[in-house]
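1. Next one to model:
(one chain, ligands or ions: 1)
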Amino acid sequence: MESVDLHINGIKKSFAGKEVLKGIEVTIKDGEFVTLLGPSGCGKTTLLRIIGGFAKADEGRVFLGNEDISKKSPDKRDINTVFQNYALFPHLNVYKNVAFGLKSKKVPKDEIDRRVQAMLELVNITDLASEMPSTLSGGQKQRVALARALVNEPDILLLDEPLSALDANLRKKLQVELREIQKKTDTTFIMVTHDQDEAIAVSDRILVMYKGKLVQDGTPEDVYEHPVNRFVATFMGECNILECEKVSDTCVKAAFGNLVVEKIPAWMADAGGKCCGGVAIRMEDIHVCTPGEHFENNVFHAKILERIFRGDYWELHADFGPLTLRVMTDPDQIYNPGDEVELYMEPQYLQVLSD
Ligand code: ATP
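-> Sure, this is the predicted structure:
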């Protein structure tokens, strides 16, 4: 099959005078699993609906390969959608739900049968073929919805919070399966979610959205380890934020001492040496030094104020004098309130934030 990238060029959209998409510009490569991640109201569903043809942009265009599809209706695009509420046909059994699209395209009966059986197998519901939707669990309905969308062999599958109605364990299981199905079918998946763990688990690439803008575009590792601003840093998980000023090209000054960082971004020169959004460090990137360990920089004396059991780790609250930071330790590293410790912060994980 010919390779088709999706180009989203300068998309703007307003509702009742309020701009909810402020010029989205991005290319999604053929065969990628991309998530649109962001808090409620940031515009991710509106963008997905514009890609699918269910809403019209006020400005900008959508290209699939070289073709401008901006004005095409949803059924004329090689794009299928899996909705949050499954939207199965209640009067058709599982097999007929999955076969529906092929039947309306007048695909020969034996080919329909072959493709439907292959899809039921792919999403692991062969034994449910004759069941009616009303007898299925949420997870099973979602599998039927996936099979029904994928059987048409679309270039792109759009998924609008497909797992949000499921309980936590099933959700994690289906995240893994979703990723496997995407790789096996080699279809571009674009999924909306507000759950950063889910985005990290399934995506090749995460597009982080905030207030109608695309604020970061990167691999899950990139976005988690190297957030560009304070919003992304805190949205992607627990994070300490330090107010700092630039000292040199490899050093910033925090309230408790100087910190060596791997990279001072170029924009800091224009910002008068201020780390505008602060410097972020995740709790797992601050280590309690064990006796005999020696690091040249970034070691600070602190006093443990509190210890909280989090199941698979301890969360320590460490008093650095002017401020308290949260630190993660292994379950077998026991520190008590009142203990004095040396803490090391790895330069590569100290991230200067733009705003
Ligand atoms: P959520 O996760 O809550 O669905 P979202 O990031 O997907 O949030 P959108 O659904 O795209 O956000 O909505 C973005 C903004 O646009 C919101 O303020 C919403 O109220 C508004 N909006 C979306 N659709 C419409 C509509 N049809 N008419 C009026 N306002 C709308």
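2. how close does the residue nearest the centre of the chain get to the ligand?
-> Central residue of the chain (CA atoms, centre = their mean): residue 199, 2.8 Å from the mean position. Going from residue 199 to the ligand by CB to the nearest ligand atom, to the nearest Å gives 13 Å. The C-beta positions use only the backbone N, C-alpha and C, and glycine is treated the same way.
3. any idea which helix or strand carries that residue?
-> Assigned by DSSP states H and E, residue 199 belongs to helix 196-202.
4. Starting from that helix, tell me the next helix or strand along the chain.
-> Sequence-wise, the next helix or strand downstream of helix 196-202 (DSSP H and E) is strand 205-210.
5. That following strand: which residues count as buried?
-> 205, 206, 207, 208, 209, 210 (16 or more other CB atoms under 10 Å).
6. Stretch 209-229 now?
-> Neighbour-count burial for stretch 209-229 [16+ other CB under 10 Å]: 209-210, 212, 214-218, 220, 223-229.
7. Now for these: which two are most distant?
-> 212 and 225 (25.6 Å; CB to CB).
8. which residues does the closest residue in space to residue 196 that isn't next to it in sequence contact?
-> With sequence-adjacent residues excluded and distances taken as CB to CB, 6 or more residues apart in numbering, residue 196 is closest to residue 236, at 5.1 Å. Under the criterion of CB atoms under 8 Å, 6 or more residues apart in numbering, the neighbours of residue 236 are 196, 200, 208, 223, 224, 227.
9. Look up how far the ligand lies from the residue lying closest to residue 42 once chain neighbours are set aside.
-> Nearest-residue entry for residue 42: residue 209, 4.5 Å, with adjacent residues in sequence omitted and distances by CB to CB, 6+ apart. Remark: distance between residue 209 and the ligand (CB to the nearest ligand atom) = 7 Å.
10. Give me the neighbour count for the closest residue to residue 240 other than its chain neighbours.
-> Nearest residue to residue 240 in three dimensions, chain neighbours excluded: residue 325, at 4.7 Å (CB to CB, 6+ apart). Neighbourhood size, residue 325 [other CB atoms under 10 Å]: 20.
11. who does residue 325 bridge with?
-> Beta-bridge pairing for residue 325 (DSSP bridges): residue 318.
12. Touching, it and residue 318? I think so.
-> Yes - between residue 325 and residue 318 a contact is recorded at 5.4 Å, counting by CB atoms under 8 Å.
13. anything in contact with each of these two?
-> 286, 302, 343.
14. Point me to the helix or strand that includes the second one.
-> With secondary structure defined by DSSP H and E, residue 302 is part of strand 299-309.
15. which outside residues touch that strand?
-> Contacting residues not belonging to strand 299-309 are listed as 256-257, 289, 314-320, 324-325, 335-345 [CB under 8 Å, 6+ apart].
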